[in-house]
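> The sequence and its predicted three-dimensional model are supplied below.
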Amino acid sequence: MQRTRVVILGAGVAGAAAAYGLARRGIHDVCILERDPFPGQHASGRNASLIRRNLKTETDCRLALEAADWFRRPPRDFPAEVGWRTTGSLFTYRMPELPQVEQDLERQRRAGLPFERIAPREAVRLQPLLSPEAFDEAQWTPDDGCIEIVELLRGFLTFAVERGAQLRCGTAAQRLLVEGDRCVGVQTEAGPIRAEWVMNAAGAWANGLVAGAAESLPMTPCRRTMLVTEDVRADSTKPFTWDDGLGFYFRPDHGALLWSPCDEVPSESCDESVDPAWVERARARARRLIPSAAGLRLEYQWGCLRTLSIDREMFVGPDPTLPGLFWVAGLGGHGVTHSPRIADLVGDLFLEGTSRVVEPRLVAPRRSAAP
Ligand SMILES: Cc1cc2nc3c(=O)[nH]c(=O)nc-3n(C[C@H](O)[C@H](O)[C@H](O)COP(=O)(O)OP(=O)(O)OC[C@H]3O[C@@H](n4cnc5c(N)ncnc54)[C@H](O)[C@@H]3O)c2cc1C
């Protein structure tokens, strides 16, 4: 029977960042199990790659600021080019939305985010596709950007594997192994693996994996649709643009435009298929915000799952109800952005039981039970 100190379930950005965080702290007796033939076939490989820092809570905003610094200057020994591109971001809104927007801006200011409030004319100068009639004001955050997510994932995993971790793709975990009151490993399709710790980083499938061994956590996989238009030689230096009130964002993507209608449809069955109604909604919203581009042919589309916790914060830490089980799940809509800080958080919590990255009780699994 295979034995290891830590077995990580899932090689998305959660599992990969956890492996990287452990490797940085000298923990190399690690086995990463991935069900698919390759890592990053779900949320972590099919997201929008935006490093957006104007987030809704002060904690998320601060983590995103710190992570963006990491993306701009990854450690010298990081074995991949994460491809940081400063594009800036625009958030557009209308006057009736202002009371909520001002609360968000105040939180972001407290977290230290540098931004400006600009008029539609100025926003159109930055992103000429925008219709100035569609909004009354915009938040301009000049230092936001995008990365190459495949490279980020590759870097995390390579760093861990080069130091001794084992990456087993094409091997699905089936259930946790429990002896007495402790989790002692995992049953896989290819036999049992005994481990001191099981790190559950299986994204939308994380709750399903603990069935029968522990209570699930309050998080729900929610589908989001992404659409890629035909190539229009879109300028990739232009900012990504988000409109919360309208429910639409877009960014230039290798000459095309990447659109999303910001859907958030609960999908307990982990169904990633595209609903044509959301494609139509995306087009209708594009017609308002970027009318000159709304008629573009859509070349690709996909659905993918963001796993949202009940309070929108991630779950990172040991499970107080089942010793030996550690969660890195519920990363929501900012898992890529937060990943370098998640790596540090996992390393800290694993070795020291506490962390300065974020107050551990804010991200503790079963938070209501946390001290
Ligand atoms: C459409 C979309 C757009 C997004 N845009 C952004 C963005 O612009 N910026 C940002 O920061 N974040 C974004 N996100 C969020 C980000 O992608 C997620 O927070 C993050 O990728 C979640 O990573 P994960 O590893 O938890 O999940 P996943 O990437 O889903 O990884 C889970 C892994 O576990 C594996 N697995 C499942 N079951 C088993 C099993 N039984 N045994 C072994 N392995 C198993 C899966 O195959 C998968 O590889 C977006 C998400 C979506 C869906």
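Received the coordinates, thanks.

> what ranges of the chain fall below the confidence cut-off?
Applying pLDDT under 70 to the chain flags the ranges 369-371.

> Point out the residues in the stretch 1-150 of the chain that sit beside the ligand.
9-15, 33-36, 41-44, 47-50 (Cβ under 6 Å from any ligand atom). Using the backbone N, CA and C atoms, a C-beta is placed for each residue, glycine as well.

> Now residue 80: phi and psi?
Main-chain dihedrals, residue 80, degrees, to the nearest 10: phi -150, psi 160.

> and the residue nearest to it when sequence neighbours are not counted, what is it in contact with?
Nearest residue to residue 80, sequence neighbours excluded (Cβ to Cβ, 6 or more residues apart in numbering): residue 155, at 3.1 Å. By Cβ atoms under 8 Å, 6 or more residues apart in numbering, the contact set of residue 155 is 20, 74, 78, 79, 80, 82.

> Turn the buried ones among those into a named ChimeraX selection, would you?
Selection of buried members from those for ChimeraX, criterion 16 or more other Cβ atoms under 10 Å:
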select :20,74,78,80,82
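
> and the contacts of residue 155 as a markdown table, adding distance to residue 197 and secondary structure?
Formatted as a markdown table, the contacts of residue 155 follow (distance: Cβ to Cβ, whole Å; DSSP: H, G, I helix; E, B strand; the rest coil):
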| residue | distance to residue 197 | secondary structure |
| --- | --- | --- |
| 20 | 16 | helix |
| 74 | 27 | coil |
| 78 | 25 | coil |
| 79 | 25 | coil |
| 80 | 26 | coil |
| 82 | 28 | coil |
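
> And the contacts of residue 155, which is closest to residue 186?
Of all the contacts of residue 155, residue 186 sits closest to residue 20, with 20.5 Å by Cβ to Cβ.

> name the element the residue nearest to that closest one when sequence neighbours are not counted belongs to?
Counting by Cβ to Cβ, 6+ apart, residue 20 lies nearest to residue 156, which is 4.0 Å off, once chain neighbours are set aside. Assigned by DSSP states H and E, residue 156 belongs to helix 149-162.

> What is the nearest of the contacts of residue 155 to residue 204?
residue 20 (21.4 Å).

> can you pull the contacts of the closest one?
Neighbouring residues of residue 20 by Cβ under 8 Å, 6+ apart: 155, 156, 157, 159, 160, 343.

> Which residue is the nearest non-sequential neighbour of residue 28?
Distance criterion Cβ to Cβ, 6+ apart; nearest residue to residue 28, sequence neighbours excluded, is residue 164 at 3.4 Å.

> how far away is the one you found from residue 87?
Distance, residue 164 to residue 87, by Cβ to Cβ, to the nearest Å: 37 Å.

> Look at these two and report which has more neighbours.
Neighbours were counted for residue 164 and for residue 87 using other Cβ atoms under 10 Å; residue 87 has more, 24 against 11.

> related to what we said a few turns ago, so the residue nearest to residue 28 sits in a helix?
No: per DSSP: H, G, I helix; E, B strand; the rest coil, residue 164 lies outside any helix segment and is coil.

> Near the ligand, which residues of the stretch 201-350 of the chain are found?
Within reach of the ligand by Cβ under 6 Å from any ligand atom, the stretch 201-350 of the chain has these residues: 201-205, 209, 224, 226, 304-306, 331-337.

> Among these, which ones are in helices?
Applying DSSP state H to those, the entries found in helices are 209, 335, 336, 337.

> So which of these is the closest to the ligand?
The closest of those to the ligand turns out to be residue 335 (Cβ to the nearest ligand atom; 2.1 Å).

> Tell me how many other residues crowd the closest one.
23.

> pretty sure it is touching residue 42, no?
No: using Cβ atoms under 8 Å, residue 335 is not in contact with residue 42; the gap is 10.9 Å.

> Show me whatever sits in contact with both of those two.
residue 12.

> need the strands for the stretch 201-350 of the chain, in chain order.
For the stretch 201-350 of the chain, the strands defined by DSSP state E, counting those that start in this stretch cover 219-229, 240-243, 248-253, 256-260, 265-266, 298-309, 315-318, 325-329.

> Only alpha carbons, please: show the second one as CSV.
I take that to be strand 240-243. The C-alpha trace of strand 240-243 is given here as CSV (Å, rounded to 0.1, in the frame of the first residue of the first chain):
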residue,chain,number,x,y,z
PHE,A,240,-10.7,44.3,-18.9
THR,A,241,-14.1,45.8,-18.2
TRP,A,242,-16.7,44.6,-15.7
ASP,A,243,-20.3,45.8,-15.1
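
> Kindly spell out which helices and strands sit in contact with it.
Here strand 240-243 touches strand 89-93, strand 248-253, helix 276-289, going by 3 or more Cβ pairs under 8 Å, 6 or more residues apart in numbering; DSSP states H and E.

> From the rest of the structure, what touches the second one?
Translated: strand 248-253. 48, 50, 87, 129, 146, 228, 234-243, 257-262, 282, 285-286, 288-290, 293.

> rerun that using 6 Å as the cut-off
234-236, 238, 240-242, 257-261, 285, 289 (Cβ atoms under 6 Å, 6 or more residues apart in numbering).

> okay, these in CSV with neighbour count next?
Shown next, in CSV, are the contacts of strand 248-253 (neighbours: other Cβ atoms under 10 Å):
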residue, neighbour count
234, 20
235, 12
236, 14
238, 17
240, 24
241, 25
242, 26
257, 21
258, 21
259, 29
260, 21
261, 23
285, 22
289, 24
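
> now for those, which pair is the farthest apart?
Pairwise distances across the contacts of strand 248-253 (Cβ to Cβ) peak at 22.8 Å, for the pair 235 and 261.

> The residue nearest to residue 80 and residue 255: what is the separation?
Relative to residue 255, residue 155 is positioned 25 Å away (Cβ to Cβ).

> Check residue 215 too.
Taking Cβ to Cβ, one finds residue 215 at 47 Å from residue 255.
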